[in-house]
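Colleague: Pasting a predicted model and its sequence here:
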Amino acid sequence: MKSVGIIGGIGPQSTMDYYKFIIAEWRNRTQDGSYPSIIINSIDPTKLLGLIGSQRFPEAADYLLTELRRLANAGVDFGVLSANGAHVVFDVLRDKSPIPLISIVEATCQETISCGLKRVGLFGAKFVMQGGFYFDIFIQEPNAAVETHDCYEFLIDLARNLPVPTSVFTAAIFARAERTAATKCRLRLDGHTRSAEEPCKWERLQGSHARRPRR
């Protein structure tokens, strides 16, 4: 069995989501009562977000590389960053990381295509929406596009006035992508390199009127 390493704490909630999703996906597919090998390195989000927020990207990359080396020394076979923001330096990390990395952004793009979505909106922290790393991945796919329309403040106001908590709204947007990344983690743990095809499932959020898009 392989081991997955998670750079966690950025933030704690998404770290817990990854932990739960990976275990759930593993147990759903193996059904032998076993559990996967997961090593979490919970780092300081204040330090990382401070570096990214002040655009000190080389220092942010060095900080994350140090923590990835700790995971490598712990014996993990591959890793994942449990936050979108850290992906602003993902290309640098991928080139220098001592272990293979799974990208949230690439998993989101793949999930968008598998769900048959042609145009999606990005909702996240300011440096996530303005960082450009989502566009860099989506622009490579002719069948999918991601847009913000410089509407960060508008989306924040929208989230504040939703009939469901903002945390629920945000979780609804990224839940499928996180499950896709978790599935990839599970498959790599099991020695496979390709994720299995799964139907895109759409679930209603109570009170949010979420609907499956028309094809």
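Modeller: Looks like it arrived, so ask away.
Colleague: May I have the strands that pair with the helix or strand encompassing residue 120, each with its orientation?
Modeller: Taking DSSP states H and E as the definition, one finds residue 120 inside strand 119-121. Under the criterion DSSP bridges, strand 119-121 sits next to strand 145-147 (parallel) in its sheet.
Colleague: so for the strand it pairs with, what's the average pLDDT?
Modeller: Strand 145-147 shows a mean pLDDT of 61.
Colleague: in which helix or strand would I find residue 106?
Modeller: Applying DSSP H and E as the criterion places residue 106 in helix 104-114.
Colleague: Show me what that helix is packed up against.
Modeller: In terms of contacts (3 or more CB pairs under 8 Å, 6 or more residues apart in numbering; DSSP states H and E), helix 104-114 is packed against helix 133-138, helix 166-189. C-beta coordinates here come from the backbone N, C-alpha and C atoms, glycine included.
Colleague: Quickly, which of the ones you listed bottoms out on average pLDDT?
Modeller: Note on those: lowest mean pLDDT is at helix 166-189, with a mean of 50.
Colleague: Show the contacting residues for residue 89.
Modeller: By CB atoms under 8 Å, 6 or more residues apart in numbering, the contact list for residue 89 reads 52, 57, 60-61, 64.
Colleague: Shouldn't it be within a helix?
Modeller: Yes. Inclusion of residue 89 in a helix is indicated when DSSP: H, G, I helix; E, B strand; the rest coil is applied.
Colleague: Roughly how far does it sit from residue 140?
Modeller: Between residue 89 and residue 140 the distance, using CB to CB, to the nearest Å, works out to 19 Å.
Colleague: Same check on residue 41?
Modeller: If you measure residue 41 against residue 140 using CB to CB, the figure is 30 Å.
Colleague: neighbour count winner among the two?
Modeller: Neighbour comparison, residue 41 and residue 140: the larger count goes to residue 41, with 19 against 10 (by other CB atoms under 10 Å).
Colleague: hang on, the earlier thing: what comes up buried for the strand holding residue 120?
Modeller: Of the residues in strand 119-121, those buried by neighbour count under the rule 16 or more other CB atoms under 10 Å are residue 120.
Colleague: C-terminal to that strand, which secondary structure element comes first?
Modeller: Moving toward the C-terminus from strand 119-121, the next helix or strand (DSSP H and E) is helix 126-130.
Colleague: you'd agree residue 106 is up against residue 136?
Modeller: No. Counting by CB atoms under 8 Å, no contact exists between residue 106 and residue 136, whose distance comes to 10.4 Å.
Colleague: Export the contacts of residue 89 as JSON lines, with columns for neighbour count and secondary structure.
Modeller: Output for those, formatted as JSON lines (neighbours: other CB atoms under 10 Å; DSSP: H, G, I helix; E, B strand; the rest coil):
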{"residue": "52", "neighbour count": "24", "secondary structure": "helix"}
{"residue": "57", "neighbour count": "14", "secondary structure": "helix"}
{"residue": "60", "neighbour count": "24", "secondary structure": "helix"}
{"residue": "61", "neighbour count": "21", "secondary structure": "helix"}
{"residue": "64", "neighbour count": "23", "secondary structure": "helix"}
